[in-house]
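Asker: What shape does this take:
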Amino acid sequence: MRIRASRTIEKDEVLTLSYNSNWGSYGTVKRREIILDTGGFLCKCTRCVDPTELGTFMSSLKCSIASCAGYLVPALQTNGEEWRWECSFGGSSCPIANFGAGINSAIKTKPIEQELNGILSTLNFLSLTTAGDFVMKFISAYSGTPLHPNHWILQHASQTLVHVFGSQIKKLTPAQLDNFVNQCRHLLKMTKILNPGISLQSGKFLLILLSLKLFLI
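Answerer: This next block holds a predicted model:
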């Protein structure tokens, strides 16, 4: 058996392997639940124990204090099993330092996730323009408040938009084409952080962007 590294490995660095590449598209809270349900253990990898998820804030929610510009991040308790939601500003910058306020905000993501699933279930019955508009309106409605712009729910919406537009590039309006390119670049940037090095997902977005350049020439 031959194993090939997807990126440069530093001396004495511990080798790691993703349990399932599809799980990486979820935020830490949901991803650890999936791993626990399917694998029977609580993951404590570098990303899982980092409240900001390597600086991506994929699980983060807008702080419930109106005057605060921070985002709530899920920090693991010392037992490694429970979550304590804290404002990313922390300290005296924000009065939220207890998990109660964070948990109340976290619960609000479930209806948003269900709304996205509802939109996805209808896309096959809609025209290209209508489908794209639905997804873009969803992203615009929740990006920044209450979800961090990088939140995994919005990333799933962006991936859907790329999928919808990617198969019919020639039919896109200039505005749709701009949105398509921006979403591809953003998803590629996120992929390079969460799955650095050579990966199928990075290759997919690079291929799409290359195809767009050839199409626009």
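Asker: what's near enough to touch the residue nearest the centre of the chain?
Answerer: In the chain, the residue lying closest to the centroid (C-alpha atoms, centre = their mean) is Trp152, at 2.8 Å. Neighbouring residues of Trp152 by C-beta atoms under 8 Å, 6 or more residues apart in numbering: Ser25, Tyr26, Gly27, Lys30, Met58, Ser59. The way it works is simple: take the backbone N, C-alpha and C, and place the C-beta from them, glycine included.
Asker: my read: the last one touches Val73, true?
Answerer: Yes. Under the criterion of C-beta atoms under 8 Å, Ser59 lies in contact with Val73, with a separation of 7.2 Å.
Asker: Those two: who's more crowded?
Answerer: Ser59 (28 against 24; other C-beta atoms under 10 Å).
Asker: what's the closest non-adjacent residue to that one?
Answerer: In space, and not counting its chain neighbours, Ser59 is closest to Gly27: 3.3 Å by C-beta to C-beta, 6 or more residues apart in numbering.
Asker: So which of the contacts of Trp152 is the closest to Pro111?
Answerer: Of all these, the one with the least separation from Pro111 (C-beta to C-beta) is Lys30, at 14.6 Å.
Asker: give the contact list for the closest one.
Answerer: Ser59, Trp152.
Asker: Can you show me the strands along the chain?
Answerer: Counting by DSSP state E, the chain has strands at residues 61-62, 71-76, 83-87.
Asker: Of those, give the one that comes closest to Asp12.
Answerer: Of all the strands of the chain, strand 71-76 sits nearest to Asp12, with 25.1 Å by C-beta to C-beta.
Asker: pull the CA atoms of the closest one into PDB?
Answerer: What follows is strand 71-76 as a C-alpha-only set of coordinates in PDB (Å, rounded to 0.1, in the frame of the first residue of the first chain):
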ATOM      1  CA  TYR A  71     -19.700  36.300  16.900                       C
ATOM      2  CA  LEU A  72     -20.500  33.500  19.300                       C
ATOM      3  CA  VAL A  73     -18.100  30.600  19.000                       C
ATOM      4  CA  PRO A  74     -18.600  27.100  20.400                       C
ATOM      5  CA  ALA A  75     -15.800  26.300  22.900                       C
ATOM      6  CA  LEU A  76     -15.500  22.800  24.400                       C
END
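Asker: average pLDDT for that strand?
Answerer: The average pLDDT within strand 71-76 is 81.
Asker: What is it packed up against?
Answerer: Helices and strands touching strand 71-76, as assessed by 3 or more C-beta pairs under 8 Å, 6 or more residues apart in numbering; DSSP states H and E, comprise strand 61-62, strand 83-87, helix 99-107.
Asker: other SSEs contacting the first one?
Answerer: With contacts defined as 3+ C-beta pairs under 8 Å, 6+ apart, the packing partners of strand 61-62 are strand 71-76, helix 99-107.
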